[in-house]
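A.B. asks: this is a predicted model, with the sequence first.
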Amino acid sequence: MTILVTGAAGNVGRHVVAELLREGHRVRVLTRDPAKARLPHGVEVAVGDLAVPDSLAPALEGVTALHLITFDGGDGAPLRTGPRIARLAAEAGVRQVTVLWGGEPGPVEAAVAAEGPAWTVLQPQEFMSNALAWTDSIRSEGVVREPFGATRSNMIHEADIGAVAARTLTEDGHAGREYVLTGPETLDMPQKVAVLGQALGRDIRFVELTEQQARERMRWAGASQEAVDHVIGWYADPPKEAYTMTDTVERILGRPARTFAQWAQENAEAFR
């Protein structure tokens, strides 16, 4: 089987690719610019853009399973091209689709479900890799600045998401399922900062921003208004799933989900 992975250079996609290659599957990745994509040896490369769905037709030739992201890789906004993508996948004979949602159900999920492939929706909560946004301030000042410090979330390791995606793309029994994916602990912002401090062996301060300061920072970084509203809205009022632990990772993979402390140890050099 040939499996097409979209978003392959992203925090999750690279783990999907790595897991599929480790299991010996034939992997094709979709990218806008092959020259800039850092892809592992052994993958096929197809040029295309989810925002221009007709560009996917050549990439879908011979594909039996598809890992699909639901947001624009450029600005993080939800994709509006779901119906056409789903139609192309069905016409190409894709039999299994894993949909990585962007935080809430959207047009891509609805279109894939309506079109008929054996879809599985993965609903990971907060990515542990979000902490990488703190690298500069930790390196230079030993400080993390974020809004909504009391908001609790159940972070998940991207490698666990990738492993679950690979399993659902290559096994039977996952069609029509929606999997909420979390890590094994619920932490507020100061607790996350403390875990990082322990991994780095240094004290890190947490400074709480106002909502307005957080919005201005995201806009300055180039985020679209839609993306700003989505991220701020999630942290201001996270869904119950965000702070409720599940055993989905363990049930599917047969091992416990990784902790934030493990992630912090693995990524400690990024903060030094």
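C.D. replies: Great, that's in hand.

A.B. asks: check contacts around residue 218.
C.D. replies: Listed by Cβ atoms under 8 Å, 6 or more residues apart in numbering, the contact set of residue 218 reads 227-228, 231-232. The way it works is simple: take the backbone N, C-alpha and C, and place the C-beta from them, glycine included.

A.B. asks: can I have the helix or strand of the chain with the lowest mean pLDDT written out in PDB, keeping just the CAs?
C.D. replies: Least confident element among the helices and strands of the chain, by mean pLDDT, DSSP states H and E: helix 107-115 (a mean of 83). C-alpha atoms of helix 107-115 as PDB (Å, rounded to 0.1, in the frame of the first residue of the first chain):
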ATOM      1  CA  PRO A 107     -15.300  21.400   6.800                       C
ATOM      2  CA  VAL A 108     -12.700  18.800   6.100                       C
ATOM      3  CA  GLU A 109     -14.000  16.300   8.700                       C
ATOM      4  CA  ALA A 110     -17.600  16.800   7.500                       C
ATOM      5  CA  ALA A 111     -16.600  16.300   3.800                       C
ATOM      6  CA  VAL A 112     -14.500  13.200   4.400                       C
ATOM      7  CA  ALA A 113     -17.200  11.600   6.400                       C
ATOM      8  CA  ALA A 114     -19.800  12.300   3.800                       C
ATOM      9  CA  GLU A 115     -17.700  11.100   0.900                       C
END
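
A.B. asks: ok, then the element right after it?
C.D. replies: Once helix 107-115 ends, the next helix or strand along the chain (criterion: DSSP states H and E) is strand 118-124.

A.B. asks: where along this protein do the strands fall?
C.D. replies: 2-5, 26-31, 44-47, 63-69, 96-100, 118-124, 143-147, 178-181, 205-209 (DSSP state E).

A.B. asks: quick one: the second one to strand 63-69, angle?
C.D. replies: Meaning strand 26-31. 40 degrees (axes from the mean of the first three to the mean of the last three Cα atoms, to 10 degrees).

A.B. asks: could you do the last one as well?
C.D. replies: For strand 205-209 against strand 63-69, the angle by the same axes, to 10 degrees is 80 degrees.

A.B. asks: on that earlier part again, helices or strands up against the least confident helix or strand of the chain?
C.D. replies: Other elements packing on helix 107-115 under the criterion 3 or more Cβ pairs under 8 Å, 6 or more residues apart in numbering; DSSP states H and E are helix 82-92, strand 96-100, strand 118-124.

A.B. asks: now find how far off-centre it is within its chain.
C.D. replies: Put simply, helix 107-115 sits 19 Å off its chain's centre (Cα atoms, centre = their mean, to the nearest Å).

A.B. asks: so which bits of that helix are buried?
C.D. replies: Residues of helix 107-115 classed as buried: 107-109, 111-113, 115 (neighbour count, 16 or more other Cβ atoms under 10 Å).

A.B. asks: can you tell me which of those is nearest residue 47?
C.D. replies: residue 108 (20.4 Å; Cβ to Cβ).

A.B. asks: can you tell me how far that closest one is from residue 238?
C.D. replies: Distance from residue 108 to residue 238, counting by Cβ to Cβ, to the nearest Å: 22 Å.

A.B. asks: these two touch, right, residue 234 and residue 242?
C.D. replies: Yes. At 7.5 Å, residue 234 counts as touching residue 242 under the criterion of Cβ atoms under 8 Å.

A.B. asks: near residue 257, how many other residues are there?
C.D. replies: Using other Cβ atoms under 10 Å, residue 257 is surrounded by 26 other residues.

A.B. asks: for residue 146, same thing?
C.D. replies: Using other Cβ under 10 Å, residue 146 is surrounded by 22 other residues.
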